[in-house]
Structure formats: C-alpha cells, structure tokens
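Undergrad: the sequence and its predicted three-dimensional model are supplied below.
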Amino acid sequence: MRIMLYTGKGGVGKTSISAATGIQSAKRGLKTLMMSTDPAHSLGDSLGIKLSSEPTEIMENLWAQEINTTYEMEKGWGKIQKYITLLFTSKTVDDITVEELTMFPGMEDLMSLLKVLEYYKENKYDVIIIDCAPTGETLAMLSFPDMLGWWMEKLFPIKRKVLKVVRPMAQPLLGIPLPTDDIMGELGNVLEQLDEMRQILSNRDITSVRIVVNPEKMVIKEAQRSFTYLNLYDYNVDAVMVNRVIPDNVSDPYFQVWKDIQRKYKTMIEDSFAPLPIYYAPLFEQEMVGLEMLKRMGDTLFQGDNNPVSVKFSLRTQHIEKQDNEYIFALHVPFADKKDLSLNHKGDELIVRAGSAKRNITLPRTLTHLTILGAKFEEDILKIRFGGSTHE
Ligand SMILES: Nc1ncnc2c1ncn2[C@@H]1O[C@H](COP(=O)(O)OP(=O)(O)OP(=O)(O)O)[C@@H](O)[C@H]1O
Ligand SMILES: [Mg+2]
C-alpha cells in the first residue's frame with residue numbers, strides 16, 4: 001500500500017492537488033481512497049460531491065471520506081474518555097470545562113491516524129491520499145505517536161501490574177480514581193496502535209509527504225520550516241508541488257510584474273528543495289471544482305509522469321546529531337561543484353553556497369542560537385558543526 005500526505009500553508013491548494021492526484025491514481029487502475037483530516041473539510045466541496053464519515057465512491061477505483069472525529073472518538077475512545085472526565089472532575093477545576101479537558105491536543109489528528117491504520121491493515125486500497133489541515137497541525141499530527149506516549153506516561157505513571165496491588169491503598173492517598181484494568185487495557189491498545197502507525201508513517205517505501213507551495217515568499221518560508229521538521233522526525237518528503245504558476249501565454253501587462261515575482265520565487269523554491277523533484281500546476285482561469293477541472297489539474301501537474309503515486313525520492317536530506325556539546329547538521333547537497341564553500345547563517349536562516357550552486361535552509365530551533373564551528377563535504381553530504389552560542 002502507498003500512503004501520501006499533502007501538506008502546506010492555508011489556501012495553497014492542498015485539497016485540490018490531493019483530489020487531482022486521487023483521480024490520476026484511480027485512472028491508472030489503483031484503488032484509491034482520499035481522506036480529509038482537516039476539521040474544516042473542503043474535499044467534498046472541491047469534488048462537488050457530498051461526502052460523509054464513511055468512504056463514498058466517486059468514480060471507478062476512487063473513494064473519498066471526511067473524518068468525523070467526534071464519531072470516531074466515541075467509537076474508539078469511549079472508556080478512556082470517560083475515565084479522563086472522571087479524573088478531572090474529581091479534582092476541582094473551575095475555570096476549564098470538562099469537554100475541553102478531555103480533548104487531548106491533536107485528538108482529531110490522532111483519530112485520523114488510527115483510521116489510516118485500520119485501512120492499512122484491511123489492505124482494501126492500493127493508495128491512501130491524505131488531505132491535511134494547514135502545516136502546523138500536520139506536523140503535530142505526525143509527531144503525535146511520540147508525543148502521546150510521553151503524555152500518557154505522565155498521566156498514567158503507575159504501570160498496570162502494580163496497579164492491582166496499589167489500588168486499595170493509592171486511591172485514598174492520591175485522592176483520584178485510578179484507572180481500572182479495562183481502561184488500562186484499552187489505553188495500552190491505543191498506544192500499541194500508535195506505535196504501529198508511527199512505523200508505517202516512517203517507512204519510506206510506504207509513506208511520503210508532499211509539500212504544496214505557491215510562488216510567494218511567506219508560503220515558501222513556511223514550507224522550508226516544515227521541510228526541516230519533517231526531516232528531523234524522519235518522515236520522507238518525496239516531492240514539492242508548486243501551485244498557481246501564471247502560465248507563459250498570459251501576456252496581459254497587469255500580470256507581467258507578477259510573472260517576474262513568480263520567476264524569482266520559483267528559483268527560491270528550487271534552491272530550497274533540490275534535489276527533490278518539483279511539480280508545477282498553473283493558475284487556472286477558474287476555481288478547481290468538480291471532477292473535470294481536477295482531472296485537468298492532475299493532467300498538467302503530472303504531465304510526462306506515468307505514475308503520480310510512486311515514491312519520487314527517498315533520501316533523508318537533513319539531520320542533526322549531537323556530539324558532546326556540539327551538533328552536527330548533515331545536509332544532503334549533491335552539488336556538482338564543491339569549491340569555494342560559503343555558509344551564511346543568520347537566525348534560523350542558513351544559506352549554503354558552493355561554486356555556482358546555492359541552498360536555502362531553515363534551521364531547526366536547536367541550532368539557531370549556536371555558531372558554526374566548521375564544515376566539510378563527505379561525498380554528497382555537507383556536515384556542519386554547530387556549537388557555543390552567539391551573542392545575539
Ligand atoms: N491552480 C489553481 N487555479 C485556480 N484556482 C485554484 C488553483 N488551486 C486552487 N485553487 C482554488 O483556490 C482555493 C483554495 O484551494 P484549496 O482548497 O485546494 O486549498 P487548501 O490548501 O486545501 O486550503 P485550506 O488550507 O483552506 O484547506 C479553492 O477555491 C480552489 O478551487
Ligand atoms: Mg484544504
């Protein structure tokens with residue numbers, strides 16, 4: 001099975017490109033499911049078809065679904081949720097409502113992840129395409145299996161086995177109701193599923209993330225940042241989709257300046273994401289609504305590519321390692337010309353130049369206040385040593 005996630009800043013075209021990819025995939029005979037995990041669903045609007053929380057058949061080989069988190073949560077989390085409610089109501093919490101407390105951060109994303117796992121196990125589809133909520137939330141969703149494990153350990157520090165022994169004593173002492181065995185069982189079950197999900201999401205032969213951008217400064221900045229963090233979490237980003245490019249044949253003088261600006265930002269996109277493959281979709285003369293328009297979009301986006309759903313790239317382009325008090329930031333930069341290496345570091349921005357090649361990178365937060373101590377190329381990997389701290 002293949003799992004693809006489309007992510008990017010609000011409004012860049014994630015839903016349209018997800019749907020366009022889904023249609024291309026189905027047309028090639030692959031059983032494809034498109035899922036929207038954004039609570040502000042718009043997949044149905046984009047397709048021009050009313051969707052529900054169960055997969056609806058759109059055309060041959062294509063299904064679409066909008067995850068209903070409340071429903072999924074009641075189905076899968078009933079006991080745990082009741083317990084947490086009990087836990088919090090047993091303490092006096094006046095200023096926050098119980099409903100709010102029982103909503104873990106990122107609960108919706110979690111539900112979506114578990115749903116994907118369910119489909120993965122059933123093996124009913126060849127391809128699952130996930131239309132994500134705007135960038136921030138997606139990153140939270142992808143780090144969720146890790147985060148939840150941590151959170152759960154804090155909330156349920158007493159291991160299940162010990163619990164049987166301590167319950168009679170601990171309950172009055174702690175003044176909180178302790179989870180019963182069936183709740184602990186259910187919890188263990190959820191954690192196990194999340195662990196499985198994490199493995200599927202980080203398997204580079206199965207899952208990849210595609211970043212959608214527009215040729216605009218703020219959009220690209222945000223995309224660079226999420227690219228960095230996706231790499232850090234070791235998720236595979238296999239392509240960048242540039243949407244809303246003004247076509248060459250538009251000659252209206254009004255758009256001339258726009259075209260120049262877009263040209264500049266197209267270069268910035270290449271500098272930021274090479275060696276990832278980059279796909280382009282034009283700004284169409286109308287909205288992307290309905291199967292016909294979305295098919296047109298997919299045809300243009302993937303022209304010359306006979307398998308839009310294959311993994312397009314699978315190397316990890318950045319990672320950090322800690323060595324004593326220093327960090328090694330390793331970058332995959334297959335620059336042909338490795339002469340005259342220069343590094344320009346300011347805040348979270350890093351510009352790498354070697355010969356005529358250039359790369360723009362957003363540094364992870366850990367490194368922004370450190371100084372570059374040295375750098376060297378080993379094969380196609382540039383290893384930059386960070387340490388000390390700047391005086392900013
Ligand atoms: N290349 C394009 N040409 C013309 N219109 C487009 C193009 N791409 C997207 N649109 C239109 O722009 C709007 C936003 O697109 P879309 O819903 O796909 O973005 P999104 O990234 O999913 O947004 P959100 O962050 O709100 O989920 C829609 O009305 C869509 O039809
Ligand atoms: Mg959307």
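TA: Looks like it came in fine. Residues are numbered from 1 along each chain as shown. Ligands and ions are numbered 1, 2, ... in the order given.

Undergrad: for ligand 1, what are the nearby residues on the stretch 101-250 of the chain?
TA: Contacts of the stretch 101-250 of the chain with ligand 1, taken as C-beta under 6 Å from any ligand atom, map to 134, 243, 244. Quick note: C-beta positions are derived from backbone N, CA and C, even for glycine.

Undergrad: what's around the closest residue in space to residue 273 that isn't next to it in sequence, how many residues?
TA: Nearest non-adjacent residue to residue 273, counting by C-beta to C-beta, 6 or more residues apart in numbering: residue 240, 4.7 Å away. By the criterion of other C-beta atoms under 10 Å, residue 240 has 25 neighbours.

Undergrad: does ligand 2 sit close to the one helix or strand residue 240 maps to?
TA: If you go by DSSP states H and E, residue 240 is part of strand 237-245. No. Figure legend: strand 237-245 not in contact with ligand 2 (C-beta under 5 Å from the ion); closest approach 11.9 Å.

Undergrad: residues in contact with that strand?
TA: 6, 12-13, 16-17, 208-215, 223, 227, 230-231, 262, 266, 269, 273, 276-283, 301, 311-314, 317 (C-beta atoms under 8 Å, 6 or more residues apart in numbering).

Undergrad: buried only: go through these for me.
TA: 6, 12-13, 16-17, 208-215, 223, 227, 230-231, 262, 266, 269, 273, 276, 278-283, 301, 311-313, 317 (16 or more other C-beta atoms under 10 Å).

Undergrad: helix/strand/coil for residue 257?
TA: Residue 257 falls in the helix class when you classify it by DSSP: H, G, I helix; E, B strand; the rest coil.

Undergrad: tell me the spacing between it and residue 251.
TA: Residue 257 sits 13 Å away from residue 251, going by C-beta to C-beta, to the nearest Å.

Undergrad: again, but for residue 328
TA: Residue 328 is 50 Å from residue 251, by C-beta to C-beta.

Undergrad: wait, residue 7 sits on residue 208?
TA: No. The criterion here is C-beta atoms under 8 Å, and residue 7 misses it with residue 208 at 11.0 Å.

Undergrad: in strands, which of the contacts of strand 237-245 fall?
TA: Mapping the contacts of strand 237-245 onto strands (DSSP state E) picks out 6, 208, 209, 210, 211, 212, 213, 278, 279, 280, 281, 282.

Undergrad: OK, contacts around residue 284?
TA: 293, 296, 297.

Undergrad: continuing past the helix or strand the first one falls within, what's the next helix or strand?
TA: Secondary-structure assignment from DSSP H and E places residue 293 in helix 291-301. Per DSSP H and E, helix 291-301 leads on to strand 318-323 as the next helix or strand towards the C-terminus.

Undergrad: in whichever helix or strand comes after that following strand, what counts as buried?
TA: The helix or strand immediately downstream of strand 318-323 is strand 326-332, counting by DSSP H and E. Judged by neighbour count (16+ other C-beta under 10 Å), strand 326-332 contains these buried residues: 327, 328, 329, 330, 331, 332.

Undergrad: now do the very next helix or strand once past strand 326-332: everything it contacts.
TA: Once the chain leaves strand 326-332, the next helix or strand it forms, by DSSP H and E, is strand 342-346. Defining contact as C-beta under 8 Å, 6+ apart, one finds that strand 342-346 is touched by 350, 351, 352, 353, 354, 363, 371, 372, 375, 384.

Undergrad: in terms of contact, does residue 200 touch residue 207 like I think?
TA: Yes. Residue 200 lies in contact with residue 207 (C-beta under 8 Å); the separation is 6.3 Å.

Undergrad: overlap in contacts, these two.
TA: Common neighbours of residue 200 and residue 207 (C-beta under 8 Å, 6+ apart) are residue 3.
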